[in-house]
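1. need a 3D model of the sequence below.
(4 chains)
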Number of protein chains: 2
Amino acid sequence: MTAKPPISALTDHLGYWLRLVSNHVSASFARRLEAEGVAVAEWVVLRVLYDVDALAPSKLAARMGMTRGAISKLADKLVAKGLVDRADDLEDGRAHTLELTKAGRALVPRLAKLADANDRAFFAGLTAKEREGLKRLMERTAAQLGLDDIPVS
Amino acid sequence: MTAKPPISALTDHLGYWLRLVSNHVSASFARRLEAEGVAVAEWVVLRVLYDVDALAPSKLAARMGMTRGAISKLADKLVAKGLVDRADDLEDGRAHTLELTKAGRALVPRLAKLADANDRAFFAGLTAKEREGLKRLMERTAAQLGLDDIPVS
DNA sequence: TATTGTTATACTCTATAACTATA
DNA sequence: TATAGTTATAGAGTATAACAATA
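-> Numbers count the residues shown, from 1 in each chain, chains lettered A, B, ... in the order given. This next block holds a predicted model:
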């Protein structure tokens, strides 16, 4: 007979429940974006560029917690789709900038609506007060831990 | 001049904050497990087998939301590490079962402690009441949406 | 020498689908 | 014919490291 010490269950951890819900939220959003031909990481790039007009790939890499190589490939895809343009930095001959094309700029509000709808679909079962409390709890946790990269997966 | 309609921010969505925290919780846990030579998906298999003694790969696939092919590969790795044994089902010649080896059974409580420590490290900044409320909110959300697969990534 | 961006390469993870053997 | 498990193949995503151009 083998001893079987009592140990914590998978479901005992807060991380388990966060992961369960978060995985489904993200997978659902990825499917919605896929219908528009866009991957989640690509969406993040588009949404960031929408606010700043032009940004160096290295800045994007830092914000998204990815390598420059990965951003370069991501930019390739967005350029191929006609959503982003590369331009040379005028002051630093090594540097480039990425910016939205007209088509890219037009697409972002549409994708933002998908994000809104996805979030609503998942958290409609909570009251407005619960959603607000949950958001504040997550923001506080992120702040306490110093988490500030944009999640991409 | 290009119009720039005001749209929702990435950080407006609950899904954003859940993903941010969840990604870090999972990545941190993955690093802890890696020091023991175990991947997250492998940990889930080990933890499930710890409770049930023996289980068919197809059952595992259903519970974890993965294909049978993926489970088969996962089992290969665990067998190679000496943590899991394959056995033939006595009643159905097609079926197999997976069960923990002695070494596997001895390892699981150690890994469970890593999971406990990881969860504590991330949510120590919340009060016990906040943690309890958060867990209940996530459980309720998962139940309302019918989410019951074990998250693996 | 250090930095920016790109490219070449490799690795992990997983799905799809074909295959083997039972039922 | 259908099912259980395995295997072969392919694709997505990302990291590492080497490279070219510029600072």
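
2. what's near enough to touch the closest residue to A:Phe29 other than its chain neighbours?
-> Excluding the flanking residues, the one nearest A:Phe29 by Cβ to Cβ, 6 or more residues apart in numbering or on different chains is A:Asn118, at 4.5 Å. Using the backbone N, CA and C atoms, a C-beta is placed for each residue, glycine as well. A:Asn118 makes contacts with A:25, A:28-29, A:32, B:13, B:15, as judged by Cβ atoms under 8 Å, 6 or more residues apart in numbering or on different chains.

3. how about A:Asp89?
-> When contacts are counted by Cβ under 8 Å, 6+ apart, A:Asp89 touches A:56, A:95-97.

4. which element is the residue nearest to A:Phe29 on?
-> Element membership for A:Asn118 (DSSP states H and E) is helix A:102-123.

5. which residues does the very next helix or strand once past that helix contact?
-> The helix or strand immediately downstream of helix A:102-123 is helix A:128-145, counting by DSSP H and E. Applying Cβ under 8 Å, 6+ apart, the set of residues contacting helix A:128-145 from outside is A:123, A:126, A:148, B:14, B:17-18, B:20-21, B:24, B:122-123, B:125-126, B:130, B:133-134, B:137.

6. list the buried residues for helix A:128-145?
-> By neighbour count on 16 or more other Cβ atoms under 10 Å in any protein chain shown, the buried set for helix A:128-145 is A:131, A:133-135, A:137-138, A:141-142, A:145.

7. turn the residues you listed into TSV, columns for distance to A:Ala39.
-> Listed next are the buried residues of helix A:128-145 as TSV, based on distance: Cβ to Cβ, whole Å:
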residue	distance to A:Ala39
A:Arg131	27
A:Gly133	32
A:Leu134	27
A:Lys135	25
A:Leu137	29
A:Met138	24
A:Thr141	27
A:Ala142	24
A:Leu145	27
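
8. related to what we said a few turns ago, and the buried ones among the contacts of helix A:128-145, selectable in ChimeraX?
-> To isolate the buried members of the contacts of helix A:128-145 in ChimeraX, using 16+ other Cβ under 10 Å:
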select /A:123,126 /B:14,17,18,20,21,24,122,123,126,133,134,137
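
9. check contacts around the nearest residue to A:Met66 once chain neighbours are set aside.
-> Leaving aside its chain neighbours, A:Met66 sits nearest to A:Val152 (6.7 Å; criterion: Cβ to Cβ, 6+ apart). Contact analysis of A:Val152 by Cβ under 8 Å, 6+ apart lists A:40-41, A:44, A:64-66.

10. show me what from chain A comes close to DNA strand D.
-> Within reach of DNA strand D by Cβ under 7 Å from any atom of the strand, chain A has these residues: A:39-41, A:65-70, A:73-74, A:92-94, A:152-153.

11. and those residues, which is closest to A:Ile7?
-> Nearest to A:Ile7 among the residues of chain A next to DNA strand D: A:Ser153, at 28.8 Å, using Cβ to Cβ.

12. please tell me I have it right and that closest one contacts A:Ala27.
-> No: the pair A:Ser153 / A:Ala27 is not scored as a contact, 10.3 Å apart, by Cβ atoms under 8 Å.

13. the strand or helix carrying A:Leu98: which residues count as buried?
-> Per DSSP H and E: A:Leu98 is located in strand A:96-100. For strand A:96-100, burial by neighbour count (16+ other Cβ under 10 Å) applies to A:96-98, A:100.

14. so that strand, near DNA strand C or not?
-> Yes: among the residues of strand A:96-100, A:96-97 lie within reach of DNA strand C under Cβ under 7 Å from any atom of the strand.
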